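Chemist: Predicted model follows, preceded by the sequence.
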Amino acid sequence: MTAAENVCYTLINVQSDSEPPSEVSLKADLEKGEIKAKTEALKKVIIMILNGEKLPGLLMTIIRFVLPLQDHTIKKLLLVFWEIVPKTTPDGKLLQEMILVCDAYRKDLQHPNEFIRGSTLRFLCKLKESELLEPLMPAIRACLEHRHSYVRRNAVLAIYTIYRNFENLIPDAPELIHDFLVNEKDASCKRNAFMMLIHADQDRALDYLSTCIDQVHTFGDILQLVIVELIYKVCHANPSERARFIRCIFNLLQSSSPAVKYEAAGTLVTLSSAPTAIKAAAQCYIDLIIKESDNNVKLIVLDRLIELKDHPTHERVLQDLVMDILRVLSTPDLEVRKKTLQLALDLVSSRNVEELVIVLKKEVIKTNNVSEHEDTDKYRQLLVRTLHSCSVRFPDMAANVIPVLMEFLSDTNEAAAADVLEFVREAIQRFDNLRPLIIEKMLEVFHAIKTVKIYRGALWILGEYCSTKEDIQSVMTEVRRSIGEIPIVDNEIKKETGELKPEDEVSAAPAQKLVTEMGTYVTQSALSSSRPSKKEEDRPPLRGFLMDGDFYVAASLATTLTKVALRYVLIVEDKKKQNSFVAEAMLIMVTVLHLGKSSLPKKPITDDDVDRISLCLKVLSECSPLMNDIFNKECRKSLSHMLAVRLEEEKLSQKKESEKRNVTVQADDPISFMQLTAKNEMTSKEDQFQLSLLAAMGNTQRKEAADPLASKLNKVTQLTGFSDPVYAEAYVHVNQYDIVLDVLVVNQTSDTLQNCTLELATLGDLKLVEKPSPLTLAPHDFANIKANVKVASTENGIIFGNIVYDVSGAASDRNCVVLSDIHIDIMDYIQPASCTDAEFRQMWAEFEWENKVTVNTNIVDLNEYLQHILKSTNMKCLTPEKALSGFCGFMAANLYARSIFGEDALANVSIEKPIHLGPEAPVTGHIRIRAKSQGMALSLGDKINLSQKKANF
């Protein structure tokens, strides 16, 4: 179509490479061809008219030779043809030939076939010429009484459209449709009629609704949806009507249609803030989440529940529904479970925390029995974290939670076990009364721990918090059991040479080694398996870690043994026992050192670990009070300080959240009386239907109007020079997944430009959706062309191209004007996000693309530079404020952001202030960016480089 803004009802796919046929050949096919040839010719005519051809010579041919045909395909194509063909002369008068067309359609409206009648009525909705519609009015009215519902519902639509555009043609339409509605039985006809009354005559719609308000729950879902919309609009415009319709909305919450229930619940929340109404709406949302199978629906409805929770007065009502909300955990989707657990955690109170913990414990046990699914481990981790948060907020719950969670220390999933360990460390430090229980449980599961990282953490906790003689001896027993026969080197060499028989080995090791993982007893033939594999299976856990070359655990073991030995010396009076215990601890350390220096492990011991173990041996040999203080008091002080700081941060963030939610009213704020408010001033409540429609259309004009800096003028890009024959500029409108280019093209010459085409190409992860249609531009004329570009991922994209055109009457080749490049900014897709330190480290290790950017700026202050980077990249700083405060000449901070496509971007800022160069010396250092995709890492690096240069004024 020539004008980009013309309303287009019918979309037709056009083969761009096909050659346009001549008018003569089309005329011949339409006059003399068979039905098939006429159909093909008519299709070609439609496509040519859509492309801007006028074809006035074919109009009479089609009226004479095609219009009288009774073939249904031809009739359908003719409807499209009459929709798009120019129906007026250049001076705006209706063409004489259209009278013949009008008569043909009057006959079609009286046709015995209901399909032809219905499709003709649909076509009449698209006509904008009242002279054509006037003779057809009696026939359209008659269609309201047709036996078939397809004809009746389209007749209602036709009457509605005609009444809206040309009220003088059918002034009694609302009355006519009201009478029709009262007697109609078909749901789709009633829905269309009711919809018309809502928009044409709301009072009549309300009159009809008041007569059948008690039967609303028996209506079909399409009619119920329209009734909900009417009630919302009426109560939005006139709040005094609320009481009249509340009961009706309550009834609709019981509807069998999920869509009706959802809309009714949303409407109920806007109509009333009474606790019963909020509870009913929330209950309805929860039922929808549980019953609907589509995960997207579940997430949308969950968002509505979260919105309810954010309202201070509604939160109390939702707290009573926590147990119902937890029913959503039966959904297997991880994202749904994550949101549900977060919502439950936000709503939990001292009244229902006990029930919440019981449900979560059951869920934790369930994850053990579920066959391994990729999300099971992540879900288990979520449950552990939720229980952790519950125990921190409600310390009474910790005793119930700890025994269940301790079982996970022996889990093969390291992430869940690490979360449990972190929780246990915090609990044992904060809750003195739980220490004996935690240590007892820890000793029970210690021998079953399978991963070295968890083993190290467990060793540290046992070494730090075992304070009685019995506990210390138990730790030593577990360590001896876990390391096996010592000295390790001699023992291993004997096994290698075969001097040590398997039976001897078995007698030294615990008896359970004779049982397989499945719980069955095994007998071994001398011929079956080779000895090394048996030996590796039988190795105790700690010895296995050491033989694999992981000597960091040996350094941890040395520290633990030093702590418990120093504590044992203080507790036990007997010198002989003291010396015996210290000697045993030193023997274990020495044998580990010996193993590290030998060639038996897969990797030799590192110098750092040798230094650590040697230091521990020296401390134990001297047993000085200063070292005792450092090992047994200062370590715990550091942990205590760290946990206190973290708790303070959490409280601070919660306080900010609650302050944000609490609506504060200043003493001099004006009081708003709803009865005295003019309709155009009711800004507190927007029309939700209107807002959702604008959002679906990607129309965010309201926001732009609110922010003058974000006006359209700031997003206009000049594409050609002022002296070019064709001037072009584009407004770049970025929606979530696509970019709309609104290009203004101005013909600056005195010639008519034909086939003026905007040719675009893209670089990066952008894709042009459709090729813009060619235009004809009169001298000094202008036109707007719209082009859509789809965006698939977050990276800098470039749109480039040219404008080509023919000069009318000139014999030369096509002319071409090259356009400037349009750069699409990555910042439109990046949003600040937060994650835990553990998640950050894990992603940092996993992401393969790294981009190292050298700091090159004029900014002289470290903190100012960090804030500048945060502002220009849209990232969030994960490093706490306290860690960044103060001045020491250097700064390290972690930044994180997520794109709207779900891609993660990490950055580590390492900067310093070169003091030796004077106070005005600029900041130096590096920023390392990591991302999953190369495009994201490079684009973010480019953005930082550009913004640094902007800071150099």
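Modeler: It's in.
Chemist: pLDDT below threshold where in the stretch 51-200 of the chain?
Modeler: Residue ranges of the stretch 51-200 of the chain with pLDDT under 70: 52.
Chemist: can we see that at 80?
Modeler: By pLDDT under 80, the low-scoring segments of the stretch 51-200 of the chain are 51-56, 87-94.
Chemist: Can you give me the buried ones in the host helix or strand of residue 420?
Modeler: Using DSSP states H and E, residue 420 sits within helix 414-430. The neighbour-count check on helix 414-430 (16 or more other Cβ atoms under 10 Å) flags 415-430 as buried. In short, each C-beta sits where N, CA and C put it, glycine included.
Chemist: do stretch 63-73 as well
Modeler: 63, 65-67.
Chemist: Kindly report the same for stretch 144-163.
Modeler: Across stretch 144-163, burial judged by 16+ other Cβ under 10 Å covers 144, 146, 149-163.
Chemist: Give me the contact list for it.
Modeler: Here stretch 144-163 makes contact (Cβ atoms under 8 Å, 6 or more residues apart in numbering) with 114-115, 117-119, 121-122, 124-125, 133, 137, 140-141, 143, 169-170, 173-174, 176-177, 180, 184, 186, 188-189, 191-193, 195-196, 199-200.
Chemist: can you check stretch 303-317 too?
Modeler: Contact with stretch 303-317 is made by 265-266, 269, 273, 275, 278-279, 281-282, 285-286, 289, 318, 325, 339, 343, 346-347, 661-663, as judged by Cβ under 8 Å, 6+ apart.
Chemist: Buried residues in stretch 759-771, which are they?
Modeler: By neighbour count on 16+ other Cβ under 10 Å, the buried set for stretch 759-771 is 760, 762, 764-766, 768.
Chemist: what do you get for stretch 861-874?
Modeler: Neighbour-count burial for stretch 861-874 flags 862, 865-866, 868-870, 872-874 (criterion: 16+ other Cβ under 10 Å).
Chemist: biggest separation within those residues, which pair?
Modeler: Greatest spatial distance among the buried residues of stretch 861-874 (Cβ to Cβ): 862 and 874, at 20.4 Å.
Chemist: which stretches of the stretch 601-750 of the chain aren't confidently modelled?
Modeler: Scanning the stretch 601-750 of the chain for pLDDT under 80 picks out 601, 620-715, 734-738.
Chemist: Can you show me the strands along it?
Modeler: Counting by DSSP state E, counting those that start in this stretch, residue ranges of the strands within the stretch 601-750 of the chain are 716-718, 726-734, 738-747.
Chemist: Reformat the ones you listed as JSON lines; add distance to residue 497 and mean neighbour count.
Modeler: Formatted as JSON lines, the strands of the stretch 601-750 of the chain follow (distance: least, Cβ to Cβ, whole Å; neighbours: other Cβ atoms under 10 Å):
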{"stretch": "strand 716-718", "distance to residue 497": "79", "mean neighbour count": "14"}
{"stretch": "strand 726-734", "distance to residue 497": "73", "mean neighbour count": "20"}
{"stretch": "strand 738-747", "distance to residue 497": "72", "mean neighbour count": "19"}
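Chemist: Of these, which is nearest residue 102?
Modeler: strand 738-747 (37.8 Å).
Chemist: Okay, angle between the closest one and strand 726-734 too, please.
Modeler: For strand 738-747 against strand 726-734, the angle by axes from the mean of the first three to the mean of the last three Cα atoms, to 10 degrees is 160 degrees.
Chemist: For the helix or strand following strand 738-747, enumerate its sheet partners and note whether each is parallel or antiparallel.
Modeler: Of the helices and strands lying after strand 738-747 in sequence (DSSP H and E), the nearest is strand 753-763. Strand 753-763 pairs in its sheet with strand 775-777 (antiparallel), strand 797-807 (antiparallel), by DSSP bridges.
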